[in-house]
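1. Provided below for reference: sequence and predicted model.
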Amino acid sequence: MSFVFLHGFAGTPRTFDPWRARFGGIAPTILGHGATSSAATFDEEVDRLATLAPARSTWVGYSMGGRLALGVAARHPDRIARLVLIAAHPGIEDPNERAQRRAEDEARARALETEGLDRFFRAWDALPMFARRTPPHREGLVAHELARAMRVLSPGATTPRWDTLARHDLTYVVGEHDAAYRALAAHVLARAPHTRVAIVPGADHDVLGCGDEARQVMESLLDDVALERAI
């Protein structure tokens, strides 16, 4: 069984180095984060990522990476053996709310282009949803490329994939202190009752950056996934 690990916004594949050492697999770099990608839309980036992975892989995606993994599941279901989505939104269904989110992310993209990375990240890291985390590795990021990712991969530019949830073997992971996504997990479970929901103690939205206990919980969860696939 192969694993594919997809990082979140303003992260890098290095986030997954310990897990790749343990489980193998690949961790592609996503558009706007150092990848060579000509994608002009979310779905074009989904299609590019799908070409990088073997068929029937387990896709593990955090936040933006989870939305991309779900996009692969919708557009290239033969690539998916299992999904592990970590604090990933299946999509904003209300068109007006999607438009509002696109406008918000356009403003963030312009701030990146005009104010630079340091000022942007001071505001980004101060968001309450990241209160408990250590910021990820960010070497090699470039402001205008990250702004491109903000626009192209915005939740406001993403086709809602709620119907895809029920078609795949799914584990949905959220942090104990991520109230918004814990509420979202209940909606995921309602739409896809077979889903395994895992709550990670002590973690906020960025489960991957919330210390040793959270990492150990995630490693144990992936051990179980690998064992079940082997069986």
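-> Yep, that arrived.
2. just the buried residues of the least confident helix or strand in the chain by mean pLDDT, please?
-> Lowest by mean pLDDT, DSSP states H and E among the helices and strands of the chain is helix 211-230, with a mean of 81. Neighbour-count burial for helix 211-230, with 16 or more other Cβ atoms under 10 Å as criterion, is recorded at 214-215, 217-218, 221-222, 225-226, 229. In short, each C-beta sits where N, CA and C put it, glycine included.
3. same check on stretch 143-155?
-> Within stretch 143-155, judged by 16+ other Cβ under 10 Å, the buried ones are 143, 145-155.
4. next: stretch 50-66.
-> Across stretch 50-66, burial judged by 16+ other Cβ under 10 Å covers 50, 53, 57-66.
5. out of those, who's nearest residue 107?
-> When the buried residues of stretch 50-66 are compared for distance to residue 107 (Cβ to Cβ), residue 64 wins out at 17.6 Å.
6. now do the contacts for that closest one.
-> Neighbouring residues of residue 64 by Cβ atoms under 8 Å, 6 or more residues apart in numbering: 6-9, 30, 88, 149, 153.
7. hmm, 7 Å instead?
-> Counting by Cβ atoms under 7 Å, 6 or more residues apart in numbering, residue 64 makes contact with 8-9, 153.
8. helix/strand/coil for the closest residue to residue 78 other than its chain neighbours?
-> What sits nearest to residue 78 in space, not counting adjacent residues and going by Cβ to Cβ, 6 or more residues apart in numbering, is residue 55, at 5.5 Å. At residue 55, secondary structure determined by DSSP: H, G, I helix; E, B strand; the rest coil is coil.
9. any idea how far residue 55 is from residue 148?
-> Using Cβ to Cβ, to the nearest Å, residue 55 is found at 30 Å from residue 148.
10. possible to save the buried residues of helix 211-230 as TSV with distance to residue 181?
-> Below are the buried residues of helix 211-230 laid out as TSV (distance: Cβ to Cβ, whole Å):
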residue	distance to residue 181
214	14
215	18
217	16
218	15
221	16
222	19
225	20
226	24
229	25
